[in-house]
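In: task: produce atomic coordinates for the following.
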Amino acid sequence: MTTLRIGIQTGYWSRRPPAGVVEMLQQAEAAGLDSVWTAEAYGSDAFTPLAWWGSHTSRLRLGTGIAQMAARTPTATAMHALTLDHLSGGRFVLGLGASGPQVVEGWYGQPYRRPLARTREFVEIVREVIARERPVTYDGEFYTLPVGAGTPGATGLGRPLKATVHPLRPEVPIVLAAQGPKNVALAAEIADGWMAGFYAPRADAEQRALLDEGFAVRADERSRPEDFEVLATIPVVVRDDVESAADVVRPHIALYAGGMGAKEANFHKASLDRLGYSEVTDEVQRLYLAGRKEDAARAVPTEMVEEIALVGPAAKVRADLARWEGTALTTLLAQGDPASVAALLG
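Out: Model prediction:
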């Protein structure tokens, strides 16, 4: 059985940059942890903190978890990947995600349609840029390189280009964040890894079945299913009692189930619904959207928290970690205060 790797998910910033991250990552590296991952929503970006914090380490893998595809073109994303892979000595992992309609349409001003098809095109172009085998051309539904003369506003002077930077590696690993069943299967079909949302060990068989669907139609031999990486962010809160620890996680769940997405299209809520919590999440969403955020957090049961997080005294947290061992998960990304993460490692 593959040993479960432990990484750190720093997430995205709230009001300001979090303190103590460099020290935490240096301690994590000394303790043998695997990786550090950053995120973005509509504030801090995923690449800049990774470059800054990663420059203070020498071994940790550096992953975007995740970079939103709507935030930048495929070629710009590939430029980020080429640059960070060189600067880190080959430690970079490109985590990508489609986000949701609230952010894509509200923040980036782009239509949120056919996200799976757009993801497929995006990944194909990124891989072609990084491979640097020829000038990049692409004729897709969402992306066209170069833009043709018939495109409104185009000069027709564009020509196929090839990255000036030679890649450090012919391929940079690509991880797709996915929550819906079709998205999970797509990750197994076209990517090198899958970043799950709200991964519960008791749903492991269903998740493995979705991955197998993607592996069955995988068209290339880039990586074998046994080499495929499965990651999930797991909140870790060490406190003297379970309830006080769960209280730290409840607002996080309420935010994602209640407010991180439109009422009609909340992929985070849908993930929790598939675990059998639809009645709970319906109430959480109702309270959250009514502006009653504290009541929404209180409506999250401890049972739900313990399914998707590690909470309680240090000994319990370390014992509960075994529930994720033996699942499809290969890398657990701990998210919490430095003391809690340190306690998880014993």
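
In: who touches stretch 199-210?
Out: Contact with stretch 199-210 is made by 181, 184-185, 188, 196, 230, 232, 234, 274-275, 307-308, 323-324, 327-329, as judged by C-beta atoms under 8 Å, 6 or more residues apart in numbering. In short, each C-beta sits where N, CA and C put it, glycine included.

In: got the CA positions of that stretch in PDB?
Out: Taking C-alpha atoms only, stretch 199-210 is exported to PDB below (Å, rounded to 0.1, in the frame of the first residue of the first chain):
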ATOM      1  CA  TYR A 199     -13.100  14.000   0.400                       C
ATOM      2  CA  ALA A 200     -14.800  11.600   2.800                       C
ATOM      3  CA  PRO A 201     -13.200   8.100   3.300                       C
ATOM      4  CA  ARG A 202     -16.600   6.400   3.300                       C
ATOM      5  CA  ALA A 203     -17.200   7.600  -0.300                       C
ATOM      6  CA  ASP A 204     -14.000   6.100  -1.500                       C
ATOM      7  CA  ALA A 205     -15.500   3.400  -3.600                       C
ATOM      8  CA  GLU A 206     -17.700   5.900  -5.600                       C
ATOM      9  CA  GLN A 207     -14.700   8.100  -6.200                       C
ATOM     10  CA  ARG A 208     -12.500   5.200  -7.400                       C
ATOM     11  CA  ALA A 209     -15.300   4.200  -9.800                       C
ATOM     12  CA  LEU A 210     -15.300   7.700 -11.300                       C
END
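
In: now it: mean pLDDT?
Out: Averaged over stretch 199-210, pLDDT sits at 94.

In: in that stretch, what's buried?
Out: 199-201, 203-204, 207, 210 (16 or more other C-beta atoms under 10 Å).

In: and what of stretch 87-103?
Out: 88, 91-103.

In: in helices only, show me these.
Out: Judged by DSSP state H, helices contain the following of those: 101-103.

In: so what's the gap between the longest helix seen in the chain and the chain middle?
Out: Using DSSP H, we find that the single longest helix of the chain is helix 115-131. Its chain's average C-alpha position is 17 Å from that of helix 115-131, according to C-alpha atoms, centre = their mean, to the nearest Å.

In: do stretch 283-299 as well
Out: With C-alpha atoms, centre = their mean, you get 25 Å for stretch 283-299.

In: report pLDDT for the residue nearest to Pro251 when sequence neighbours are not counted.
Out: Once flanking residues are discounted, Pro251 sits nearest to Ala297: 4.4 Å by C-beta to C-beta, 6 or more residues apart in numbering. Ala297 is assigned 95 on the pLDDT scale.

In: what helix or strand is Ala297 on?
Out: Element membership of Ala297, judged by DSSP states H and E, is helix 293-298.

In: quick revisit: can I get the ones in helices among the buried residues of stretch 87-103 in a markdown table including distance to Arg72 and pLDDT?
Out: Supplementary listing: these in a markdown table, determined by distance: C-beta to C-beta, whole Å; pLDDT from 0 to 100:
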| residue | distance to Arg72 | pLDDT |
| --- | --- | --- |
| Pro101 | 18 | 89 |
| Gln102 | 18 | 87 |
| Val103 | 14 | 92 |
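
In: out of those, which is nearest to Ala314?
Out: Of all these, Ala314 sits closest to Val103, with 36.1 Å by C-beta to C-beta.

In: helices along the stretch 151-300 of the chain, start to end?
Out: All helices of the stretch 151-300 of the chain, identified by DSSP state H, counting those that start in this stretch, fall at 181-190, 204-216, 242-254, 267-272, 278-289, 293-298.

In: can you redo those helices as JSON lines with distance to Ala314?
Out: What follows is the helices of the stretch 151-300 of the chain, written out as JSON lines (distance: least, C-beta to C-beta, whole Å):
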{"stretch": "helix 181-190", "distance to Ala314": "33"}
{"stretch": "helix 204-216", "distance to Ala314": "25"}
{"stretch": "helix 242-254", "distance to Ala314": "10"}
{"stretch": "helix 267-272", "distance to Ala314": "27"}
{"stretch": "helix 278-289", "distance to Ala314": "28"}
{"stretch": "helix 293-298", "distance to Ala314": "24"}
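
In: for Met24, find the nearest of these.
Out: That would be, of the helices of the stretch 151-300 of the chain and by C-beta to C-beta, helix 242-254, which comes in at 17.2 Å.

In: okay, the angle between the closest one and helix 278-289?
Out: Interaxial angle, helix 242-254 versus helix 278-289 (axes from the mean of the first three to the mean of the last three C-alpha atoms, to 10 degrees): 70 degrees.

In: run the chain-centre distance for helix 242-254.
Out: 21 Å.

In: buried stuff in it?
Out: For helix 242-254, a neighbour-count test (16+ other C-beta under 10 Å) marks 242, 245-254 as buried.
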